[in-house]
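Q: no sequence for this one, just the structure:
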């Protein structure tokens, strides 16, 4: 019997209790990345709604978003934009501050990474509170990107990140949700 997508993904994601601090259930996708079948299914499912449409760039949020975003960009024959923590990119950058669960941080991308009007999909492994994804959306829009969607393997719906992005008129695609994160 062929297992469902959700079963395949859930069985390939490791949960680490109390990381990075007590009370947090960390959803580790490195085990999914190491499982060829699960990795392929996740990428195929994230790509499927956009296959055959014009997507100019896929923007991946450091670091797991780079892995997923690179694979998605390859499948869509699109360019790739790395969105990184402040100070990690070698050329002229644009930067935005964003809220983390426990403070503020900054992320940046190269100033010439996107041309105004280009259609972009934003990618990361997980959407929780949405602070990082919100910052990435603001950064991309600052440069004129038309954000087609934000895609994640995992949604932690109780933390409200999906609602935050949808309030910015960004369609959100996730593959599985963990209730009670």
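A: Ah, there it is. For clarity, every value in this text was computed on a predicted model and none was experimentally measured. Numbers count the residues shown, from 1 in each chain.
Q: ok, the nearest residue to residue 150 once chain neighbours are set aside - how many residues close by?
A: Among residues not flanking residue 150 along the chain, residue 122 sits closest, at 4.3 Å (Cβ to Cβ, 6 or more residues apart in numbering). In short, each C-beta sits where N, CA and C put it, glycine included. Look at residue 122: counted by other Cβ atoms under 10 Å, it has 28 neighbours.
Q: Enumerate the beta-bridge partners assigned to residue 122.
A: Beta bridges link residue 122 to residue 59, residue 150, judged by DSSP bridges.
Q: Was I right to think it contacts residue 138?
A: No - contact criterion Cβ atoms under 8 Å: residue 122 and residue 138 do not qualify, at 11.1 Å.
Q: Mind listing what's buried along stretch 66-77?
A: Going by neighbour count (16 or more other Cβ atoms under 10 Å), the buried part of stretch 66-77 is 66-73, 75-76.
Q: Closest one of those to residue 87?
A: Distance to residue 87, by Cβ to Cβ, is smallest for residue 66 among the buried residues of stretch 66-77, at 16.6 Å.
Q: Against which helices or strands is the one helix or strand the closest one maps to packed?
A: Element membership for residue 66, per DSSP states H and E: helix 64-76. Where contact means 3 or more Cβ pairs under 8 Å, 6 or more residues apart in numbering; DSSP states H and E, helix 64-76 is packed against helix 36-47, strand 57-61, strand 79-85, strand 119-127, strand 146-155.
Q: what about these, which gets the closest to residue 91?
A: With Cβ to Cβ, the closest approach to residue 91 among the helices and strands packed on helix 64-76 belongs to strand 79-85: 11.4 Å.
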